[in-house]
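In: Predicted model and sequence follow; I will ask about them next.
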Amino acid sequence: MKEQIEKFIDDELKELLQVKGVISPRNIEEEICRLLMRAKFRRKAASNSLKKRVQEAVAYNVSNDEPINITFLQGCYKLWRFEESPEADWAEFFALMHYATWVKPILSFYKPGVIFDFFVDDLIMEKISNLRRDEILSYQSSFQKIINFVMSHCPKNLHCKITTVSSRYSNESDFWDKLNTAVENWEKPENIKLDEMRIATIELNYRPIPNENHSALWREKIARIYAAHAAMENRLKYREKIGKILAMPHHYDGFDTRIFLGSTKDSNIKYWIGVGALKHKNEDFIPTVLSPSQLANVKFSTHNVAIKGLDTKNFKKIRVINTDVNQGVRK
């Protein structure tokens, strides 16, 4: 199966450069908006406010002859529960290919192209998940290597970069000072109400400290830090800058401001808290991203692979799920 997997990945990479019929739309802005909002890629219905936001961003970029700016919102980490942690893995690889496929038609007629800006929450992970600085940096570095590799197989007018939240501040001390002030001014833990989804998310991401004694409101304290960080002025100023279209795999809110794309055609799990795998079905493969619970509930085999140019530790093998055995992966 090793050769089959390697051929599938190679074919998928080659497909990123294939253009099926170059079009010359009468109205460039309308066509870009239509392509961005295709239902086959969206995981949520598009509200009128989201459509308007996309239209305004596209109009701004086209009028300034600039790339269409897609700003992805994500965490700068690989969930500590996986053996792949702290580095990025097949989940990021498959997600990036999925997003490149999404915008590929635009690249064929809009010369400035598209830029993917991955706007990542970095230092905050030390506070809310007990991640070490070296783990955060390791994720960022490994994700950048995947980006470089996939971009080398894409049209030249598809650009990509990583922007950390902490880089929006003059230095690290400035970031922490402003975060601490924001937390102090935020709602007190005893007044924060968490639903089951938020509790599950906090518990999933939080790495316990040995011999740790939690207070009754430990989840609310984390939620307070997270919310205060999310609302920090410099973070919002960068994210909400005119011309940006926000996107991510999925989230519990933000339906009116972001395009939800899933991580692959098959999964809406956030790639940084999931691991990549292939479903084997009818002699073909389907890329997917699995959450910890999904991974624990499927039968898979692990296969060694060798992808030239992609040789970091998480790309020497890959999980393959036999859908005939599993009857599909629960989402």
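Out: Thanks, I have it.
In: wait, isn't Leu35 in contact with Leu107?
Out: No - assessed by C-beta atoms under 8 Å, Leu35 is found out of contact with Leu107, at 10.2 Å. For every residue, glycine as well, the C-beta is placed using N, CA and C.
In: Which element, helix or strand, includes Lys104?
Out: Taking DSSP states H and E as the criterion, the element that holds Lys104 is helix 90-107.
In: Leu35 and Leu107: who's more crowded?
Out: Leu107 (22 against 19; other C-beta atoms under 10 Å).
In: sec struct for the closest residue to that one other than its chain neighbours, please.
Out: Spatial nearest neighbour of Leu107, chain neighbours left out: Pro155 (4.6 Å); criterion: C-beta to C-beta, 6 or more residues apart in numbering. Look at Pro155: counting by DSSP: H, G, I helix; E, B strand; the rest coil, its state is coil.
In: From Pro67, how far off is Pro155?
Out: 12 Å (C-beta to C-beta, to the nearest Å).
In: What of Lys7?
Out: Between Lys7 and Pro67 the computed distance is 32 Å (C-beta to C-beta).
In: neighbour-wise, which of these two wins?
Out: For Lys7 versus Pro67, neighbours defined as other C-beta under 10 Å are more numerous around Pro67 (21 against 11).
In: Spatially, what comes nearest to that one if we skip its sequence neighbours?
Out: Going by C-beta to C-beta, 6+ apart, Pro67 has Ile115 as its nearest residue, at 4.2 Å.
In: Check the average confidence over the host helix or strand of that neighbour, would you?
Out: Using DSSP H and E, Ile115 falls within strand 114-121. Averaged across strand 114-121, the pLDDT comes to 98.
In: For the chain, name the helix or strand with the lowest mean pLDDT.
Out: Within the chain, no helix or strand scores below helix 323-326, which has a mean of 59 by mean pLDDT, DSSP states H and E.
In: Can you identify each of the helices in the protein by residue range?
Out: With helices called from DSSP state H, the chain shows them at 2-15, 28-36, 48-63, 90-107, 124-128, 133-151, 172-184, 196-205, 218-230, 233-239, 292-296, 323-326.
In: Return the most buried member of the ones you listed.
Out: helix 90-107 (a mean of 24; mean count of other C-beta atoms under 10 Å).
In: shaky segments in the stretch 201-331 of the chain?
Out: Low-confidence segments of the stretch 201-331 of the chain (pLDDT under 70): 324-331.
In: can we see that at 80?
Out: 252-255, 323-331 (pLDDT under 80).
In: Do a quick rundown of the strands in it.
Out: 244-248, 258-260, 275-281, 284-290, 300-304, 317-322 (DSSP state E, counting those that start in this stretch).
In: quick one: which of those is nearest Ile222?
Out: Nearest of the strands of the stretch 201-331 of the chain to Ile222, taken as C-beta to C-beta: strand 244-248 at 20.3 Å.
In: The closest one pairs with which strands, parallel or anti?
Out: strand 68-75 (parallel), strand 258-260 (parallel) (DSSP bridges).
In: end to end, how far does stretch 36-45 reach?
Out: Counting by C-alpha to C-alpha, to the nearest Å, you get 13 Å between the two ends of stretch 36-45.
In: before we move on, the earlier item: is it possible to get a markdown table of the strands paired with strand 244-248 that adds distance to Asn282 and mean neighbour count?
Out: Listed next are the strands paired with strand 244-248 as a markdown table, based on distance: least, C-beta to C-beta, whole Å; neighbours: other C-beta atoms under 10 Å:
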| stretch | distance to Asn282 | mean neighbour count |
| --- | --- | --- |
| strand 68-75 | 32 | 22 |
| strand 258-260 | 28 | 21 |
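In: Compare these and give me the one nearest Ala95.
Out: Of all the strands paired with strand 244-248, it is strand 68-75 that lies closest to Ala95, at 9.0 Å by C-beta to C-beta.
In: Specify the angle between that closest one and helix 196-205 in degrees.
Out: Using axes from the mean of the first three to the mean of the last three C-alpha atoms, to 10 degrees, the inter-axis angle of strand 68-75 relative to helix 196-205 is 70 degrees.
In: Distance from strand 68-75 to the middle of the chain?
Out: Centroid separation for strand 68-75 versus its chain: 8 Å, with C-alpha atoms, centre = their mean, to the nearest Å.
In: CA atoms only: put it into PDB for me.
Out: The C-alpha coordinates for strand 68-75 follow below in PDB (Å, rounded to 0.1, in the frame of the first residue of the first chain):
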ATOM      1  CA  ILE A  68      -7.500  38.400  -2.200                       C
ATOM      2  CA  ASN A  69      -6.700  38.200   1.500                       C
ATOM      3  CA  ILE A  70      -8.000  35.100   3.300                       C
ATOM      4  CA  THR A  71      -7.100  35.300   7.000                       C
ATOM      5  CA  PHE A  72      -7.300  32.000   8.800                       C
ATOM      6  CA  LEU A  73      -7.800  32.000  12.500                       C
ATOM      7  CA  GLN A  74      -6.200  29.200  14.500                       C
ATOM      8  CA  GLY A  75      -4.100  28.100  17.400                       C
END
